[in-house]
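S.K.: next comes the sequence, and after it the predicted model I'd like to discuss.
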Amino acid sequence: MITLKQKLIIALLLTVANSCVVLFAQDKVSLAVFQDARFLVAGDNRGNDAGTINLLARFKMQGNQQAFGYMVIFPEYEYANLAGGKYVRYSANIGYTFNKLVISNLEANASGGFGYIDRFGTSHSLSASAELAYKLSNRFKISILSQYTRRTDLQTPVWRFSGFVGIELTLN
């Protein structure tokens, strides 16, 4: 369970991140939902079968368009029904999306975040992500996401890779 102190730190991080977007003026808000591709189709060698739920949700707040792209901040929530127990991660993230690429409607995003993992107690966590998204319309994108997360919930903390597939819907 997340303590009051940890909730306050997350709230502070989100407030600071939101202030950064306000400086660059918020343009769009979207919701992105991803599923870990490996858990979806194959499982892993740690007791998680194909079809294991590992969902990641992001509430993205986009800054105004600049020369090459736009700044983005987002709170992130991840839930996984792992064989060793439920895994929950909350984080605040900031990144930049490049959308003036050679291929029209293709976007590339790099971001980093800080948060907490709630599994066998609560521990802090860092993450780094890279995302490729293709705009099917002004409101809908399909995405692939690569993410490295510092798994501090494990006996020996390690950086773990996850590959996700997902969709993004612009809300305004």
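M.R.: On my side now, so go ahead.

S.K.: could I get the pLDDT score of the residue in the chain sticking out farthest from the centre?
M.R.: Distance from the C-alpha centroid of the chain peaks at residue 102, with 25.1 Å (Cα atoms, centre = their mean). With respect to pLDDT, residue 102 scores 88.

S.K.: now do residue 14
M.R.: At residue 14, pLDDT is 61.

S.K.: residue 135 against residue 143, yeah?
M.R.: No. Using Cβ atoms under 8 Å, residue 135 and residue 143 do not qualify as a contacting pair, with a distance of 10.1 Å. (Each C-beta comes from the backbone N, C-alpha and C, glycine too.)

S.K.: of the two, who's got more company?
M.R.: Ranked by neighbour count (other Cβ atoms under 10 Å), residue 135 and residue 143 place residue 143 first, with 19 against 16.

S.K.: and the host helix or strand of residue 109, what's buried?
M.R.: Using DSSP states H and E, residue 109 falls within strand 106-118. Neighbour counts using 16 or more other Cβ atoms under 10 Å place 107, 109, 111, 113, 114, 115, 116, 117, 118 of strand 106-118 among the buried residues.
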